[in-house]
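Asks: Please find the sequence and the predicted model below.
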Amino acid sequence: MQTKFYIKTYGCQMNEYDSDKMADVMCACEGMVQIDKPEEADIILFNTCSIREKAEDKVFSDLGRARALKQANPALLIGVGGCVASQEGDAIVKRAPYVDVVFGPQTLHRLPQLIAARRESGRPQVDISFPEIEKFDHVPATQTSHGTAFVSVMEGCSKYCTYCVVPFTRGEEMSRPFADVMREVENLTAQGVGEINLLGQNVNAYQGETADGDTVDLAFLLQSVAALPKVQRLRYTTSHPREMTQRLIDLHGSEPKLAGHLHLPVQSGSDRILAAMKRGYTALEYKSVVRKLRAARPDICISSDFIVGFPGETEADFEATMKLIDEVGFDASFSFIFSPRPGTPAAEMADDTPYETKLARLHRLQARIAELEKQVSDAMADTVQRVLVENVSKKNASELAGRTANNRIVNFAGSPGMLGRFVDVRIHSGTMHTLRGELVIQHE
């Protein structure tokens, strides 16, 4: 009889990647199968995020619903993993005693053993240790039918921005060995994956060790991956402005497989706020990085992250952010009102700005980014874009949805047999977030 498990993921792409690895670990166990309905599951796993308070609250709200399922089925096992698990540990079991297993981002590979120990002992199991990068030696090779795949090249963060819990929940920066990354990429391309997205909390801080003891940077790794014939497109995320080396910037001009899009979080345009955040750069230094990138790749699209209402942010500080947005011309963003995380220095900072003021600032920022996003979409009309077909369109089952090199979603008529493949699409029109197009028929 099969054991059915369900995974719910919160948060960033790192968590999405970890959930895929959790599924790989579970499916490698005999009789385990993943399903998408929690009410039919024998095991429910929550892969959590603690970047913002709302994400954490959502976890405990969902745990309450899972508790009702457990009351109806006492054999149901409930596990909490990810960053909230790493931060809270045993406190999760105290707050929600019906939780059976708690595990951190670095111990997800131990899931089967933790589940077995829970069943044998009858006691909740908690393992939120930091065994460096051990998990990559224990997770099975990824099996995928998609045309794109994330490959985690490093874990953790050593920047210690004053608002962020990541160094505490995922540990310090630790890079995977160069050969391990290349092996995973080659396994994926052998399955037909054409687009590789190298992943890390600060991916451009990558310092991977080679077999002969040398250390290579992200630029070298990207060049090595791009040299594989089956790799058609290459991305990397998320980058820190302090780690954008000239070698990496130059690669955007010399490597055609590198996508014309970069996500480069800035958080604020105010030097005073950037210093309070401990970001390690000024607005001018950030703009200098963007200027160099555009000199190397004039058509590159830059998206970013913004925190609005950081403690002490004045109207002048916010205006500096709006000025930076106009000067850089970001084409997309993730923007949020500051959310104090327990244990971080920013949580202790005086914050007397009314919430209504912060919300008004956020809406103004998002409206401006939306205008810039629409300008980029409009400029793509009547161009032919190389698109990786990712899914059937959400709104029309007879259409497909693909992604352009500059990270735009395009909906167009096509057959399901094109899923996972690169096709050429002529762009007709665009809304704020998506484009519409028509397949360009390739004649042999």
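Replies: Nice, thanks for sending it over.
Asks: any idea whether residue 68 is helix, strand or coil?
Replies: Secondary structure assignment for residue 68 (DSSP: H, G, I helix; E, B strand; the rest coil): helix.
Asks: Any idea how many residues pack against it?
Replies: By other Cβ atoms under 10 Å, the residues close to residue 68 number 9. In short, each C-beta sits where N, CA and C put it, glycine included.
Asks: got it, and residue 231?
Replies: Using other Cβ under 10 Å, residue 231 is surrounded by 19 other residues.
Asks: so it touches residue 197, yeah?
Replies: No: counting by Cβ atoms under 8 Å, residue 197 is not a contact partner of residue 231; they are 11.1 Å apart.
Asks: Tell me the confidence at residue 134?
Replies: On the pLDDT scale, residue 134 is placed at 59.
Asks: Show residues contacting stretch 45-58.
Replies: Counting by Cβ atoms under 8 Å, 6 or more residues apart in numbering, the neighbours of stretch 45-58 from elsewhere in the structure are 5-12, 15, 18-19, 22, 59, 62-63, 66, 78-87, 111, 164-166, 169, 336, 339-341.
Asks: Quick check on residue 258: phi, psi?
Replies: When read as degrees, to the nearest 10, the backbone of residue 258 gives phi -70, psi 120.
Asks: related to what we said a few turns ago, just the contacts of stretch 45-58: which are in strands?
Replies: Judged by DSSP state E, the contacts of stretch 45-58 include 5, 6, 7, 8, 9, 78, 79, 80, 81, 336 as members of strands.
Asks: give the contact list for residue 274.
Replies: For residue 274, the contacting residues are 267, 268, 281, 282, 283, by Cβ under 8 Å, 6+ apart.
Asks: Check residue 37 too.
Replies: For residue 37, the residues meeting the contact criterion (Cβ under 8 Å, 6+ apart) are residue 6.
Asks: And what about residue 360, helix, strand or coil?
Replies: Under the three-state scheme (three-state DSSP), residue 360 adopts helix.
Asks: Low-confidence ranges, the protein, go.
Replies: Along the chain, the parts satisfying pLDDT under 70 run over 52-55, 131-145, 432, 442-444.
Asks: Mind doing that once more with 80?
Replies: Low-confidence regions of the chain, defined here as pLDDT under 80, cover residues 1, 11-13, 30, 50-57, 129-146, 430-433, 441-444.
Asks: where exactly do the helices run in it?
Replies: Along the chain, the segments classed as helices by DSSP state H run 13-27, 53-72, 82-88, 90-95, 111-121, 166-170, 178-190, 218-226, 246-254, 271-277, 283-296, 315-328, 355-379.
Asks: ok, back up a step: list just the nearest of the ones in strands among the contacts of stretch 45-58 to residue 32.
Replies: Compare each of the ones in strands among the contacts of stretch 45-58 with residue 32 using Cβ to Cβ and the shortest gap goes to residue 5, at 6.2 Å.
Asks: so what's the closest residue to the closest one other than its chain neighbours up against?
Replies: Closest residue to residue 5 in three dimensions, ignoring its sequence neighbours and counting by Cβ to Cβ, 6 or more residues apart in numbering: residue 43, at 4.1 Å. Residues near residue 43 by Cβ under 8 Å, 6+ apart: 3, 4, 5, 6, 26, 76, 77, 78, 79, 115.
Asks: of the residues you listed, closest to residue 383?
Replies: Nearest to residue 383, judged by Cβ to Cβ, of the contacts of residue 43 is residue 6 at 41.7 Å.
Asks: hang on, that closest one packs against residue 34?
Replies: Yes: under the contact definition of Cβ under 8 Å, residue 6 touches residue 34, with a separation of 7.3 Å.
Asks: what's the closest of the ones in strands among the contacts of stretch 45-58 to residue 301?
Replies: Proximity of the ones in strands among the contacts of stretch 45-58 to residue 301 was ranked by Cβ to Cβ; the top entry is residue 336 with 21.0 Å.
Asks: If the closest one is in a bridge, with which residues?
Replies: Using DSSP bridges, the bridge partners assigned to residue 336 are residue 307.
Asks: Just give me the neighbour total for it.
Replies: Residue 336 is surrounded by 16 other residues when neighbours are defined as other Cβ under 10 Å.
Asks: Report the contact partners of it.
Replies: Residues 52, 306, 307, 308, 362 are the ones in contact with residue 336 under the rule Cβ under 8 Å, 6+ apart.
Asks: List the residues that contact the third one.
Replies: So the one you mean is residue 307. Taking Cβ under 8 Å, 6+ apart as the contact definition, residue 307 lies against 163, 267, 268, 277, 335, 336, 337, 338.
Asks: cool, the fourth one as well?
Replies: Shown in contact with residue 308 (Cβ under 8 Å, 6+ apart): 318, 321, 335, 336, 337, 338, 358, 361, 362, 365.
Asks: now with 7 Å?
Replies: By Cβ atoms under 7 Å, 6 or more residues apart in numbering, the contact set of residue 308 is 335, 336, 337, 338, 358, 361, 362, 365.
Asks: For the first one, which non-adjacent residue is closest in space?
Replies: Distances taken as Cβ to Cβ, 6+ apart place residue 306 nearest to residue 335, at 4.1 Å, with adjacent residues excluded.
Asks: How many residues are close by that neighbour?
Replies: 24.
Asks: Was I right to think it contacts residue 365?
Replies: Yes: taking contact to mean Cβ atoms under 7 Å, the distance of 6.1 Å between residue 306 and residue 365 places them in contact.
Asks: residues shared between the contacts of those two?
Replies: Taking Cβ under 7 Å, 6+ apart as the contact rule, the neighbours common to residue 306 and residue 365 are 321, 335.
Asks: Which one (most neighbours) among the contacts of residue 307?
Replies: Going through these with other Cβ under 10 Å as the criterion, the one with the most neighbours is residue 268, at 25 neighbours.
Asks: got the phi/psi numbers for that one?
Replies: Backbone dihedrals for residue 268, given as degrees, to the nearest 10, come out at phi -160, psi 160.
Asks: With residue 335 as the reference, measure out to it.
Replies: Residue 268 sits at a distance of 11 Å from residue 335 (criterion: Cβ to Cβ, to the nearest Å).
Asks: Now do residue 2 against residue 43, distance only.
Replies: With distances defined as Cβ to Cβ, the gap from residue 2 to residue 43 amounts to 11 Å.
Asks: just to revisit the earlier point, I'd like to know which of the contacts of residue 43 are buried.
Replies: When burial is judged by neighbour count using 16 or more other Cβ atoms under 10 Å, the buried members of these are 4, 5, 6, 26, 76, 77, 78, 79, 115.
Asks: sorry, back to before: which of the contacts of stretch 45-58 are buried? Put it as a PyMOL command.
Replies: To isolate the buried members of the contacts of stretch 45-58 in PyMOL, using 16+ other Cβ under 10 Å:
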select buried, resi 5+6+7+8+9+10+11+12+15+18+19+22+59+62+63+66+78+79+80+81+82+83+84+85+86+87+111+164+165+166+169+336+339+341
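Asks: Tell me how many other residues crowd residue 401.
Replies: Residue 401 is surrounded by 20 other residues when neighbours are defined as other Cβ under 10 Å.
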